[in-house]
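Undergrad: I need the structure of the sequence given here:
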Amino acid sequence: MVLELGLRIREKNRRGSSECRPGGVQVSKRYILESRDSVTSIENIEKGRGRARAHTATSIVGVAICILSLLRAGPAWPSEEQPDQGLGLSSLSLEQLGSIEVTSTSKEPEQVWNTPAAIFVITQEDIRRSGATSIPEALRLAPGVEVARMDSDHWAVGIRGFGSQFSKSVLVLIDGRSVYTPLFAGVYWQLQNVLLEDVERIEIIRGPGGTIWGANAVNGVINIITKSASETHGGLVSGSGGNVDQGAGDFRYGGSVGKFNYRAYGMAFGRAPEFHLDHAPFDDWQMGQGGFRTDWTEKHDSFTVQGDLYKGYDGERVEVSSYSPPSVAVIDAEHNVSGGNLLGRWKRDINGDSDIQIQGYYDRTSRLSPQLDETRDTFDIDLIYHLKESRHDLLFGAGGRWSPDHIGQKFATLDFEPHNETDSIYSGFVQDQFSIVSNVLSVVLGSKFEHNNYSGFEVQPNARLLWTPTKHQTIWAALTRAVRTPSRLDTDLQLTDFLEPKPPTFLRVVGDSNFRSEKLVGTEIGYRALLARSLYVDVAAFYNDYNDLYGYGQGTVLVETTPPPAHLVLQLPLANSLKGLTKGIEVAPDWRPASWLDLKGSYSFLHLFVHDKAGFTDTLTPPSDNGSSPHHEFEFQPQFSLPKKFEFDTTFRYVSALPYQGVGSYQTADARVGWSPKAFLELSFVGQNLFDPHHPEFGGDDGPLVGIRRAYYGKVTWKSE
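TA: Have a look, this model is predicted:
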């Protein structure tokens, strides 16, 4: 009866919409009560789409034809035999791209061909030619990664399902530094700002990576790797402006003194709100950030020290409930953020086959809003020892992380108890890649052993098979266990939502101190091959079995007289009440029929089904989980390298419907025209979301769905050697 009443009230509130964002980080009642951000259906946003889409598509084709016509009188396009004169990852052939050394699967360099995992690499050239202005936008380039913009400064990001504002089952790293927050079990995407010109590559593992990376690497790992200071000598200045990305400026300068290399950078930007049917443009966004990196290399040793400082705000809409008088207020406010980090890394090559690495970092974050404040200090240290011996490739590791926080409560209806808590994880891992047939067949066995202050001891084993029948052909399979450890959201939350005035009725969600880790057992198989000199394909299929997922237990009814007036409380405890499964396939071909043309694409299919465990009846969370991830995603990226240093790049995207979010299927396109009249100068013009004046991609804000606007910006980049 309690749950039925709560559900009826919830359906009423979904039409009126209500949301509470502790710390100004958009933690909505829908996020708490339904485990995923949702929102009421938007009305009339589809009107005029057909005409706008046809007009914009015609415009894109027209621009392409005009560019080709204007350049026809210029020099002939380069033949396939003409070598690319670019540098770095931009000049690699498909064969060389498959030989890129990645570190995300084992924390040691290994070629993509020799990686028994669904790994995808987004290069600096991919980012530049996509026109992306943020990390989440760049992640759209990878298969199996769901990226939906909620408003101007928030995204829902997921890998193989369970996409949400905080991406709670995805571990995100920047140069090996985890940006996962233990308060809400996820990532504040609006704070992960990196100078995109300094990103060397983004490595994305789809599937569990707990054996190497530990807790919370459940559905995948995103590792953002910046360039060494030795690769960024000279100066760089860039500026851009447009109708949504209104203004951005970046600078960087680097150099060397002997074997000591360094760089320093600064960046700032301002972004306008997206489209709001209720004419409440709360989601403007401004940030400033600066930092440095130094690298020093001796014969057997390498040292890195780097750090960042940032300050700014992102616009939020928060809701505050009150006991006296029983009421609710919606506030459009600024979420003020500041922080910094400092990381150090030392690596020694003991001999040609063995090395040792030690890394430590400190991270400070401060988030202040009218609703809830949080300050957090994180200390982390990791040691890795790599040993090759005969047919064995061994990895040993150990580490610890301590993260004390302080919560500043401002309203009686929202709290985390205690206000001061220290999250801690102690871990060790061992992994062996055993060669059965040299350079052809090998087996990987390993496990992570962790202890955390919530659920205690956790084991995350891993078994993988790698078969490379030819130099440019890989077949792999994996069986892995991973866990998402509890957070303060799961154990310490008390969130009260005003529902009805007569009698005064509130809905309260409370954490469970006995909340257990969410568990995954994943099965994967994959194939990647260079089918021809100009055609590369990567295919992965998976089946994931989840247990002890986040949900709600049995509700109770309370009558409280304090604070006055007397009121009714419908209380829902959090619980490990759900099970689930996901299965799907991801295909990512890359075809280069000519040196001036690159045709990339991807298709991802996902089936996700979440249901109650025996003994539980949760009518809120399963519909949210099952209806908030797209079944189909398709992307096509033609890139033209034209004469006279012109470039024309397009990206077409299709995303199927999210029924629970009230978001229909949509298709859109981005386009970029670039020109480098001199080696040190690049001019570009980018159009984004061109098929519609605006379209929704995900819920999460109070009121109607936010429409993501058609956007344009121009950019100038100057470089010196």
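Undergrad: Tell me where the stretch 101-250 of the chain has helices.
TA: 124-130, 135-139, 210-213 (DSSP state H, counting those that start in this stretch).
Undergrad: how about the longest one: buried residues?
TA: Just to be clear, that refers to helix 124-130. 124-130 (16 or more other CB atoms under 10 Å). No exception for glycine: its C-beta is placed from N, CA and C like everyone else's.
Undergrad: could you show me where the helices are in the protein, in order?
TA: 2-16, 29-34, 49-71, 94-97, 124-130, 135-139, 210-213, 488-491, 621-626 (DSSP state H).
Undergrad: How far away from the center of its chain is the fifth one?
TA: Think helix 124-130. The chain centroid and the centroid of helix 124-130 are separated by 17 Å under CA atoms, centre = their mean, to the nearest Å.
Undergrad: can you list contacts of that helix?
TA: Around helix 124-130, the neighbours that count as contacts under CB atoms under 8 Å, 6 or more residues apart in numbering are 86, 88-90, 137-138, 140-141, 196-197, 199-202, 227, 637, 639, 647, 649, 651, 670, 672, 674.
Undergrad: Quick one, which of the residues you listed are buried?
TA: Here, 16+ other CB under 10 Å leaves 89, 137-138, 140-141, 196-197, 199-202, 227, 637, 639, 647, 649, 651, 670, 672, 674 buried among the contacts of helix 124-130.
Undergrad: Now, those residues that are in strands?
TA: Those of the buried ones among the contacts of helix 124-130 mapping onto strands are 199-202, 637, 639, 647, 649, 651, 670, 672, 674, per DSSP state E.
Undergrad: residue ranges with poor pLDDT in the chain?
TA: Under the criterion pLDDT under 70, the flagged ranges of the chain are 1-93, 95-99, 104-108.
Undergrad: Spatially central residue for it, please.
TA: In the chain, the residue lying closest to the centroid (CA atoms, centre = their mean) is Val157, at 5.0 Å.
Undergrad: who touches Pro136 in this structure?
TA: 147, 149, 155, 157, 189.
Undergrad: how about the nearest residue to it, chain neighbours excluded?
TA: Distance criterion CB to CB, 6 or more residues apart in numbering; nearest residue to Pro136, sequence neighbours excluded, is Trp155 at 4.3 Å.
Undergrad: And for that neighbour, the neighbour number?
TA: 26 (other CB atoms under 10 Å).
Undergrad: can you check Val244 too?
TA: For Val244, using other CB under 10 Å, the count is 19.
Undergrad: was I right about it contacting Arg709?
TA: Yes - Val244 lies in contact with Arg709 (CB atoms under 8 Å); the separation is 5.6 Å.
Undergrad: list residues touching both of those two?
TA: With contacts taken as CB under 8 Å, 6+ apart, Val244 and Arg709 have Glu274 as neighbours in common.
Undergrad: My guess is Tyr426 contacts Asn453. True?
TA: No - the criterion here is CB under 8 Å, and Tyr426 misses it with Asn453 at 9.6 Å.
Undergrad: Quickly list what Val318 is bridged to.
TA: Here Val318 sits in beta bridges with Ile331, as judged by DSSP bridges.
Undergrad: before we move on, back to that, tell me the contacts of the residue nearest to the centre of the chain?
TA: 136, 139, 145-148, 163-164, 167, 170, 187, 189.
Undergrad: any chance of these in a markdown table, plus distance to His695?
TA: Output for the contacts of Val157, formatted as a markdown table (distance: CB to CB, whole Å):
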| residue | distance to His695 |
| --- | --- |
| Pro136 | 17 |
| Leu139 | 19 |
| Val145 | 19 |
| Glu146 | 16 |
| Val147 | 14 |
| Ala148 | 11 |
| Gly163 | 17 |
| Ser164 | 20 |
| Ser167 | 22 |
| Val170 | 24 |
| Val187 | 24 |
| Trp189 | 20 |
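Undergrad: Produce a ChimeraX select command limited to the buried residues of those.
TA: If you want just the buried ones from the contacts of Val157 in ChimeraX, going by 16+ other CB under 10 Å, the selection is:
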select :136,139,145,146,147,148,163,164,167,170,187,189
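Undergrad: before we move on, the earlier item: I'd like the contacts of Pro136 laid out as TSV, including distance to Leu94.
TA: Shown next, in TSV, are those (distance: CB to CB, whole Å):
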residue	distance to Leu94
Val147	25
Arg149	31
Trp155	30
Val157	28
Trp189	31
